[in-house]
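Student: Just the structure for this:
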Amino acid sequence: MSEPLSPDQEQHSDSGFYRLAFEKSPLPMAVSFLDDRLLVDVNPALAHWYGRSRSELIGLNVAEENVYVSLEERARLFEELIATGSLTDRPLELNIPGRGLRYCLFSVQLFNLNDKPAAITVVHDVTELRHQQLLTEQNQAQLQTLTDFEELLHQETDPEKFLNLAVAFLLERMEVDRAWLMTPCDLGAELLEVKYEATRPEYPGVSATGEPLRVSDEYRQLIARHLSTAEPISYGPQQDVPLLQPVITNSSIQSQLIICLKPAIGAPWLLGLHQCSYPRQWSAAEKELVKRVASRLTDRLHTSLLLDDLQQSEERYRELFEAATESISIVNAETGQFIDFNPATETLFGYSKAELEKLTLADVSAANQGNGDTADVIRSITQQTLAGEATNFEWRYVGADGSEIIAEVTLQALRGNEQRLRATVIDITERRKLEAQLMQAQKMESVGQLAGGIAHDFNNLLQGILGFSDLLLENPDSTDTQRHQLRHIHNAATRAATLTHQLLAFSRRQVLNKKPVDINKLIESSGEMVKRLFGSHIRFDFIPGRDLGTVYSDPVQLEQIMLNLFLNARDAMPTGGVLTVETENVLITDEFCATHPWARPGRYVLTSISDNGKGIESSILDHIFEPFFTTKEAGGSGLGLAMVYGIVKQHDGMIQAYSEPGLGTTFKVYLPLYERPATAVGPKIAEPIEGGRETILVAEDN
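Tutor: Numbers count the residues shown, from 1 in each chain. All right, here's what the predicted structure looks like:
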């Protein structure tokens, strides 16, 4: 069995330094011979990561531990190592006993040890990062599916067409063997009609027979089950409900997912997805996606049924016209004058009935449509509608209060009246805001990755500059002039290192020393310092939350967050004002997250920092967390709020800013609630450390 590196081996030049680097490295490292592949030595980080002691690992052949998920991939990497002499960040999946599946990046360098070929291996476990990337990709894919589905639903106004498009879309996008819509879904029905169905050629559906389904007792139980819930239910092995044997036999179904659609008009519908080729296990994410798709289909179905009834009878038309949730109006095609409209139109624009009757489409349209068009283009659109079929387009309106309304508009010429149009207006302002927030979050993530990579490499270069300048400053042969110049170099490198650390904070690459923290105590302990920073012209009001929960955070970084936000507030009130800090426990629900894409559900400690300063314009507010973005004329690096953003994200928290010019600014910092009691945050008395005469170079490489 091979032994650890001996003290004699460490007597060679620089061996002590390299030994120290090996032992203190935060990344798992190991040394092994190539011939027998036995571990010669491992550092503490690898022993901790692998879950076994150092003595147990030395002499072990890891290849015999059955930890490699793919032996073929391991063999391929070994061949590449022999051929090239090194590997850098090569991905490999391991199944570590007690830790499960880990996704790792391996870097290996060959060298000679005691005249034998050996390898030093560095393991970078990126499992959590990969999981987060997969989750982000999944969320983006779901959002894209919903966006595509919504666009598809509004391509056609005819329900026959858009419902057929809907099931065809679900067949392909959900990768199922059948997708169908069935109605009526009520307990008293004797027959069920599969009105819309899309299938794979090898798995024809019920619609191929042209006959409705007779409702059995089992189907009534299924209908009752779905009428009682808005959630999708999965059927099949290890699913919510087992499949009925007749279903398996007659329809070749191995698993299915069904949800009930309940439009405000007419009987409920059933939307179903069949998997016939294999017993699919429906994930929670797939169920959530189908639920959201069903919600949009229900809304579109509701609108379609509403418009269909409007055409059938004037009496029915008026009843539904008044009850519609979308804005529906009748306008004069020549003048754009509002002739008739429902209450939703009054609500949308914020005008009373009497006021709207005096206005035209041009009066409520934004002068600038955002795409280079002006409001005058509405005249050509109305003429185009009169000459042909329904026209669908996006339009910007202005409400009575001056607010901009972004809407999807469908214009249709009324039959029998050549000068009247029906306008159906759906407010999508909030949707556009959510899309903008998502794009901003994706941009911040990309900028963070870029900034972190640059800062990481630049920081390594600066460590060399600082280290060598320190050595030269200590050189007794250096003249006073040289030392003076070296101090300038050292100070400049120190300032540059500070900037790189701020960039690393923004990119969430700092090493954190987390512990339970009471935010109230932390803010109170900072009170005197804040007052000295602000002076007498700014009042500091602290409103601590009662029974405030604790957070699991790095108190030093948490103080850095508060200090940056306090200083930001001070700069916003040059002539004086009030800084208010308030803490409270909050619960973020799924409903809140549905309209705030930056949020994640859970329990949080919320810290609100508000000033009554000059406020921030909306065009600037969207960029305040970006690195190097600053509005200060001089002295601002543009990294303060970027660093705050990165620290909060590294703590799995959230931060949002709210502001209006002249009305001040509020920053809201959400940090996850920690269930255990907090430890006091205060100065620690340093214990004496036995010193030596060695010189230690510490290089950050995370």
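Student: can you give me the mean pLDDT across stretch 578-592?
Tutor: The average pLDDT within stretch 578-592 is 93.
Student: Correction: the previous question concerned stretch 131-138.
Tutor: On average, stretch 131-138 scores 80.
Student: Check the offset of it from the chain's centre.
Tutor: Chain-centre distance of stretch 131-138: 9 Å, with Cα atoms, centre = their mean, to the nearest Å.
Student: try stretch 62-74
Tutor: In terms of Cα atoms, centre = their mean, the centre of stretch 62-74 is found 34 Å from the chain centre.
Student: okay, how far is it across it, tip to tip?
Tutor: Stretch 62-74 has an end-to-end distance of 12 Å (Cα to Cα, to the nearest Å).
Student: which other residues reach it?
Tutor: Residues from elsewhere that reach stretch 62-74 (Cβ atoms under 8 Å, 6 or more residues apart in numbering): 37, 39, 92-97, 101. Backbone N, C-alpha and C define where each C-beta goes, glycine included.
Student: could those be laid out in a markdown table, adding neighbour count?
Tutor: A markdown table is the format used below for these (neighbours: other Cβ atoms under 10 Å):
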| residue | neighbour count |
| --- | --- |
| R37 | 14 |
| L39 | 22 |
| L92 | 19 |
| E93 | 16 |
| L94 | 22 |
| N95 | 13 |
| I96 | 17 |
| P97 | 11 |
| L101 | 10 |
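Student: Just the helices from the stretch 601-702 of the chain, written as ranges.
Tutor: Chain-ordered helices for the stretch 601-702 of the chain, with DSSP state H, counting those that start in this stretch as the definition, fall at 618-621, 640-650.
Student: next SSE after the helix or strand bottoming out on mean pLDDT in the chain?
Tutor: Least confident helix or strand, the chain: helix 245-251 with a mean of 63, by mean pLDDT, DSSP states H and E. Proceeding N to C from helix 245-251, the next assigned helix or strand is strand 255-261, under DSSP states H and E.
Student: mind saving the C-alpha coords of that next one as PDB?
Tutor: C-alpha atoms of strand 255-261 as PDB (Å, rounded to 0.1, in the frame of the first residue of the first chain):
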ATOM      1  CA  SER A 255     -51.000   6.700 -18.400                       C
ATOM      2  CA  GLN A 256     -53.100   9.900 -18.800                       C
ATOM      3  CA  LEU A 257     -53.400  13.400 -17.400                       C
ATOM      4  CA  ILE A 258     -56.800  15.000 -17.200                       C
ATOM      5  CA  ILE A 259     -58.000  18.500 -16.100                       C
ATOM      6  CA  CYS A 260     -61.500  20.100 -16.000                       C
ATOM      7  CA  LEU A 261     -62.100  23.400 -17.900                       C
END
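Student: Quick one: distance of it to the chain centre.
Tutor: The chain centre lies 28 Å from the centre of strand 255-261; the measure is Cα atoms, centre = their mean.
Student: could you say what helices and strands that strand packs with?
Tutor: helix 217-227, strand 233-235, strand 269-275, helix 284-312 (3 or more Cβ pairs under 8 Å, 6 or more residues apart in numbering; DSSP states H and E).
Student: Please settle this for me: is Q238 part of a helix?
Tutor: No - judged by DSSP: H, G, I helix; E, B strand; the rest coil, Q238 forms no part of a helix; its state is coil.
Student: Skipping adjacent residues, who's closest to it in space?
Tutor: Nearest in space to Q238, with sequence neighbours left out and distances taken as Cβ to Cβ, 6 or more residues apart in numbering, is Q281 at 6.5 Å.
Student: Now do the same contact list for the one you found.
Tutor: By Cβ under 8 Å, 6+ apart, the residues touching Q281 are 236, 238-239, 255.
Student: how about the helices of the stretch 601-702 of the chain, which one is nearest K287?
Tutor: With Cβ to Cβ, the closest approach to K287 among these belongs to helix 640-650: 28.3 Å.
Student: Have a look at this protein and report its longest strand.
Tutor: Longest strand of the chain, by residue count under DSSP state E: strand 100-113.
Student: residues of it that come out buried?
Tutor: The neighbour-count check on strand 100-113 (16 or more other Cβ atoms under 10 Å) flags 102-108, 113 as buried.
Student: The helix or strand following that strand pairs with which strands, parallel or anti?
Tutor: Using DSSP H and E, the helix or strand that follows strand 100-113 towards the C-terminus is strand 116-125. Strand 116-125 has the following sheet partners, assigned by DSSP bridges: strand 29-33 (antiparallel), strand 100-113 (antiparallel).
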